[in-house]
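Participant: Coordinates for the following, if possible.
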Amino acid sequence: MNTGGNTERPAYDLGATPEVVAPTAGSDKGLSKAVISPEALRALPAEFAKRHQVMPLALNDGILDIATAQPGNHRVIDDIRLVTGLEVREFIFPEAEILEKIGESYRITVEKMIEKLTADGGSVEGKNLHDIEVMANEPTVVNLVNVIISTALRERASDIHIVPFENVIQVRYRVDGLLQEKQPPPKPLHAAIVSRIKIMADMNIAERFMPQDGHIQIHHRGNRVDVRVGTMPTIYGESLVMRLLEKNSRVSTAKELGLDAERAELLSRLIEKPHGLFLTTGPTGSGKTTTLYSILQSIYTPELKILTIEDPVEYELPGVSQTPVRPNRNFTFANGLRAILRQDPDIVMVGEIRDSETAEIAIRAALTGHQVFSTLHTNDATGAVTRLLDMGIEAFLIASSLEGVLAQRLVRRICVHCRTETPVPASMHERMEALSGQKLEGAFYRGKGCEECRGTGYRGRIGIYELLTITSQIRELIVQKRSNVEIKNAAQANMMTMHQDALRKAAAGITSLEEILRTSSGDQRE
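Facilitator: As a prediction, this is how the structure comes out:
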């Protein structure tokens, strides 16, 4: 029963989504909605509750009601009686739900810790490296870093930014693509905070004037989370970014990613071809790799050997052999792709085509019987052709190997809990019609802001896409090295553009017109 003291788990390892098993004190909707008595919380210390996985519920007439997943443990009951001096009454709930409620009820927020640290003072200015390392391992700094990370995970952040300025540390979480500023820790703690994270990531804390990369692995709510850490020297100290990747997350289907049925069917036909090159394109953070993971999962069978070369491996795919690049050992995309092709693969995924060498190897692999998937940084689908030509790839090789290109962006979803129909201002009509060349019709929606979306009006993201199929007409234009405009005009006769897809989703109440303008203006980030 006693798994709450597992030292490998970070603070707030809160388990999975609660499952209602039985009603209990103060709630007919399960423990997640129960109102907890403050007297009960004060009666049972947080560490005891976490260690024994019991949640105090209410205190009445000398009886402490508790939630437990394993009732009848006389040792735990006796310990509670000893600690509280109270009798105990048990209510049965799932373990995950109890852990969730413990974390919520005994929560130490970043703001509370920072307030305490600010009041307590403390500085590392003028201290040597040894003193900073000692301070980085002190419980106060360790707990602050743990709470910063666990709070970011709880708020569904994809990145944590810790940036020093002259008199302040800026802490921001990237949630649904946009940065949200948080209360800053005291500036004198900056070196200790960065050193603590570098220790966790097995980085060199003595090196403060060169960029470094590291990796942390933690557990949160029963899921393994990989944290990629990057530092960059600035004039006020080291800037640090942590990318949060939940390894146990399920890979989404094409429909869940935002592809409509018609284009999902077209995509399915393209990726089932026995050989050729298929690309996903878009700016950094537009979900390209996630789309490729979805594709690989959909086509995997035991009869196919699928190999990937990635930087880094973001999610683990069952049945797929995945290899990370290691530039410090000269194991690049190009070198890795050469090695992969000697492993007799049927399908190859290259995380990104960054240079002409990788592009040429990928294209020649596609021409010699392999199915190759990769990503490019371009603004639209037809831009992939121009980008490959700019890399020095011969036009006839592109025309012979390329089968399809899926360009994409991510837009925020309107929160379903506070979504409301809204009139479109005349100025918005003008801007959207100038951008799309078509008249706005129908109803549109906006999120008013609520507790579920933390007042933003948005919760989660969805893709907008354009899928370019390389037809014989397009191949001829590529061979003739026609301009991107000519190729785009030919393609759009049978292709829904990203902007048209976005307008469809806005009319359906999935996203807003403001989001379309934001992403169309090049403001797309993850």
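
Participant: Pull out the buried residues from the host helix or strand of G463.
Facilitator: In this structure, G463 sits in strand 458-469 according to DSSP states H and E. Neighbour counts over strand 458-469 (16 or more other CB atoms under 10 Å) mark 458-459, 461-469 as buried. (Glycine included, C-beta is placed from N, CA and C.)

Participant: same thing with stretch 336-349?
Facilitator: Result for stretch 336-349 [16+ other CB under 10 Å]: buried residues 336-337, 340-341, 345-349.

Participant: for stretch 467-487, same thing?
Facilitator: 467-470, 474-475, 477-478, 482, 484, 487.

Participant: pLDDT weak spots in the stretch 201-350 of the chain?
Facilitator: Residue ranges of the stretch 201-350 of the chain with pLDDT under 70: 221-222, 248-249.

Participant: sorry, back to before: going by distance to F373, which of the buried residues of stretch 336-349 wins?
Facilitator: Of all the buried residues of stretch 336-349, F373 sits closest to M349, with 4.6 Å by CB to CB.

Participant: Now find how far off-centre the helix or strand harbouring that closest one is within its chain.
Facilitator: When elements are assigned from DSSP H and E, M349 belongs to strand 347-350. Centre-to-centre, strand 347-350 and its host chain are 22 Å apart (CA atoms, centre = their mean, to the nearest Å).

Participant: Just give me the neighbour total for P324.
Facilitator: 14 (other CB atoms under 10 Å).

Participant: Distance check, it against L341.
Facilitator: Remark: distance between P324 and L341 (CB to CB, to the nearest Å) = 18 Å.

Participant: again, but for Q500
Facilitator: 38 Å.

Participant: cool, and V194?
Facilitator: 41 Å.

Participant: quick revisit: may I ask which two of the buried residues of strand 458-469 are separated the most?
Facilitator: Across the buried residues of strand 458-469, no pair lies farther apart than R459 and T469, at 33.4 Å, counting by CB to CB.

Participant: For Q480, give me phi and psi.
Facilitator: phi -80, psi 0 (degrees, to the nearest 10).

Participant: what residue lies at the spatial centre of the protein?
Facilitator: Nearest to the mean C-alpha position of the chain, by CA atoms, centre = their mean, lies S158 at 4.1 Å.

Participant: Does that one touch L179 like I think?
Facilitator: No: between S158 and L179 there is no contact, the gap being 10.4 Å when judged by CB atoms under 8 Å.

Participant: returning to what we had before: other SSEs contacting the strand holding G463?
Facilitator: Packing partners of strand 458-469 (3 or more CB pairs under 8 Å, 6 or more residues apart in numbering; DSSP states H and E): helix 261-271, strand 402-414, helix 498-507.

Participant: Report the angle between the last one and helix 261-271.
Facilitator: Right, the one you point to is helix 498-507. 140 degrees (axes from the mean of the first three to the mean of the last three CA atoms, to 10 degrees).

Participant: after helix 498-507, next one along is what?
Facilitator: helix 513-520.

Participant: what packs against that next one?
Facilitator: Partner elements for helix 513-520 (3+ CB pairs under 8 Å, 6+ apart): strand 402-414, helix 426-436, helix 498-507.

Participant: pLDDT of that helix, averaged?
Facilitator: What helix 513-520 shows for mean pLDDT is 85.

Participant: how about it: buried residues?
Facilitator: Neighbour-count burial for helix 513-520, counted by 16+ other CB under 10 Å, picks out 513-516, 518-520.

Participant: go on, stretch 400-420?
Facilitator: 400-415, 418-419.

Participant: And stretch 42-52, by the same measure?
Facilitator: 43-44, 48-52.

Participant: Reformat those residues as TSV; add pLDDT, secondary structure and distance to T290.
Facilitator: Listed next are the buried residues of stretch 42-52 as TSV, based on pLDDT from 0 to 100; DSSP: H, G, I helix; E, B strand; the rest coil; distance: CB to CB, whole Å:
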residue	pLDDT	secondary structure	distance to T290
A43	86	helix	46
L44	86	coil	42
F48	84	helix	41
A49	85	helix	37
K50	80	helix	34
R51	82	helix	38
H52	86	helix	39
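
Participant: List just the nearest of those residues to L317.
Facilitator: K50 (33.8 Å).

Participant: D213 contacts L240, correct?
Facilitator: No: in terms of CB under 8 Å, D213 does not count as a neighbour of L240; the distance is 11.0 Å.

Participant: Now for those two: what residues contact both?
Facilitator: Among the neighbours of D213, those also in contact with L240 (CB atoms under 8 Å, 6 or more residues apart in numbering) are 229-231.

Participant: what about the strands in the stretch 301-450 of the chain?
Facilitator: 306-310, 321-324, 347-350, 371-376, 402-414, 419-422, 444-447 (DSSP state E, counting those that start in this stretch).

Participant: Just checking: what are the partner strands of the second one?
Facilitator: Here strand 321-324 is paired, per DSSP bridges, with strand 306-310 (parallel).

Participant: Can you tell me what sits against the partner strand?
Facilitator: With CB under 8 Å, 6+ apart, strand 306-310 has contacts from 289, 296, 300, 317, 319-325, 333, 336-337, 340, 343, 345-351.

Participant: That one vs strand 371-376, what angle?
Facilitator: 20 degrees.

Participant: Can you tell me which of the buried residues of stretch 42-52 lies closest to D390?
Facilitator: Relative to D390, and with distances defined as CB to CB, the nearest of the buried residues of stretch 42-52 is K50, at 56.1 Å.

Participant: My read is that the closest one contacts K101, right?
Facilitator: No: checked against CB under 8 Å, the pair K50 and K101 is beyond contact range at 11.3 Å.

Participant: still on that earlier bit, D213 and L240: who's more crowded?
Facilitator: More crowded of D213 and L240, by other CB under 10 Å: L240, with 22 against 13.

Participant: The more buried one in helix, strand or coil?
Facilitator: strand (DSSP: H, G, I helix; E, B strand; the rest coil).

Participant: from what I can see it touches P164, true?
Facilitator: No: L240 is beyond contact range of P164, at 9.0 Å (criterion: CB under 8 Å).

Participant: For N146, give its distance to M242.
Facilitator: Noted for N146: a distance of 13 Å to M242, by CB to CB.

Participant: Skipping its backbone neighbours, what lies nearest the residue nearest to the centre of the chain in space?
Facilitator: R174 (5.2 Å; CB to CB, 6 or more residues apart in numbering).

Participant: Look at the one you found and give its secondary structure.
Facilitator: Assigned by three-state DSSP, the conformation of R174 is strand.

Participant: Which pLDDT value goes with it?
Facilitator: Looking at R174, its pLDDT reads 94.

Participant: beta partners of it?
Facilitator: Bridge pairing for R174 - DSSP bridges - gives D159, L179.

Participant: Am I right that L57 is in a strand?
Facilitator: Yes: assessed by three-state DSSP, L57 belongs to a strand.

Participant: May I ask you to confirm that it is in contact with A40?
Facilitator: Yes: counting by CB under 8 Å, A40 is a contact partner of L57 at 5.9 Å.

Participant: what touches both of these two?
Facilitator: With CB under 8 Å, 6+ apart as the test, L57 and A40 both reach D65.

Participant: Between these two, which has more neighbouring residues?
Facilitator: Per other CB under 10 Å, whichever of L57 and A40 has more neighbours is L57, with 25 against 21.

Participant: excluding its backbone neighbours, what's nearest the more buried one?
Facilitator: Going by CB to CB, 6+ apart, L57 has D65 as its nearest residue, at 4.2 Å.

Participant: who does that neighbour bridge with?
Facilitator: With DSSP bridges as the rule, D65 is bridged to A58, R89.
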